[in-house]
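Asks: Sequence and predicted structure below; questions after.
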Amino acid sequence: MPYQRILVEKANYIATLTLNRPEKHNALDMLFFREFGQCMDEIKSDDDIRVIIITGAGRSFCSGVDFADLAQAMADPARVAEGLADLSQPFGPLQTLPRSLRTCYKPVIAAINGFTSGMGLALACLCDYRIASERATFAPGFINLGIAGELGLTYLLPRITGLPVALKFLTAGETKDSSWAERSGLVEQVVPPQILIEAAHALGGKLAQMPPLALGMVKQLLYQGLETSFDFQLRFEFQAASRLIQTEDFQEGMRAALEKRPPVFKGR
């Protein structure tokens, strides 16, 4: 279905989601949050999509919350109450974005094309892979507004960069460039801006050739492993293996290995 805030392109098992408010540096308003949840539900249920790429239109990836929309909301007590209610609800519009990405078993790649701040930084961290343009910049955003963080950023960032780097970055309030992001581990790759989407699709193409069920299980196990004990993780791995060895993809992988040919996985 068409969306106002997101452009969706599907090709070669990859869905590219482009945040589409370039005149606002792809700032996030309530319409975006509602559309994003619907869009992710659509893509999760599409068996022809195996990989998701998220990028931004224009010069920015995502500048964070839409301040004009926020200012209007703060001036209206009814909207303030509604917003607080949304924040408190586990599956309210604002919580849909982090939860939908965290529970998505399809690989998600952030193609960070430009300025990234606040909730936009959290959005990038919610993705599984991050490729940045040489022009990309990263700002913590929240501390300069007198708040701490949203969309799971304070949980995600220290697990990506390590606690000391995350603490210094989020409390200093300084904008960093793509070189810093690569050195700190925030992004895995920095490329010239003209080949950013090409690089994202190259990675997406490789991932799309992997067995989708096993790929999703790897994501689930790794993220789950952050929260559990070693003994429990061993049990979860056994349960995962018990399910995966019954799939057609496992049989295809075994045959391909014996026949010394590339496997062709079908996600079943």
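Replies: Received it, and whenever you're ready, just let me know what you need. Numbering: from 1, shown residues only.

Asks: what helix or strand is R255 on?
Replies: helix 248-259 (DSSP states H and E).

Asks: Buried residues of that helix, list them for me.
Replies: Neighbour-count burial for helix 248-259 flags 249-250, 252-253 (criterion: 16 or more other Cβ atoms under 10 Å). The C-beta positions use only the backbone N, C-alpha and C, and glycine is treated the same way.

Asks: Please enumerate the strands of the stretch 151-268 of the chain.
Replies: 176-177, 189-191 (DSSP state E, counting those that start in this stretch).

Asks: so how far is stretch 150-164 off the chain centroid?
Replies: Counting by Cα atoms, centre = their mean, to the nearest Å, stretch 150-164 is centred 14 Å from the centre of its parent chain.

Asks: can you confirm A111 is in a helix?
Replies: No: applying DSSP: H, G, I helix; E, B strand; the rest coil, one finds A111 to be strand, outside a helix.

Asks: and the protein, what are its domains?
Replies: Under the assignment automatic domain parsing, the domains of the chain span 6-208, 212-259.

Asks: Helices along this structure, start to end?
Replies: 30-44, 67-74, 77-88, 93-102, 119-126, 153-161, 163-172, 178-184, 196-208, 212-225, 230-244, 248-259 (DSSP state H).

Asks: out of those, which comes closest to A111?
Replies: helix 196-208 (4.0 Å; Cβ to Cβ).

Asks: Counting by contacts, list what the closest one packs against.
Replies: With contacts taken as 3 or more Cβ pairs under 8 Å, 6 or more residues apart in numbering; DSSP states H and E, helix 196-208 sits against strand 14-19, strand 51-56, strand 108-112, strand 129-133.

Asks: Tell me which of those strands lies nearest to G267.
Replies: strand 51-56 (12.0 Å).

Asks: Given that closest one, what are its sheet partners and their directions?
Replies: Applying DSSP bridges to the sheet, strand 51-56 is found paired with strand 14-19 (parallel), strand 108-112 (parallel).

Asks: Tell me which of these sits most buried.
Replies: Stretch with highest mean neighbour count among the strands paired with strand 51-56: strand 108-112 (a mean of 27; mean count of other Cβ atoms under 10 Å).

Asks: What angle do helix 30-44 and that strand make with each other?
Replies: 140 degrees (axes from the mean of the first three to the mean of the last three Cα atoms, to 10 degrees).

Asks: Use 255 as the first number from now on
Replies: Noted, 255 is the first residue going forward, which turns the last one into strand 362-366.

Asks: How far away from the center of its chain is strand 362-366?
Replies: Centre-to-centre, strand 362-366 and its host chain are 7 Å apart (Cα atoms, centre = their mean).
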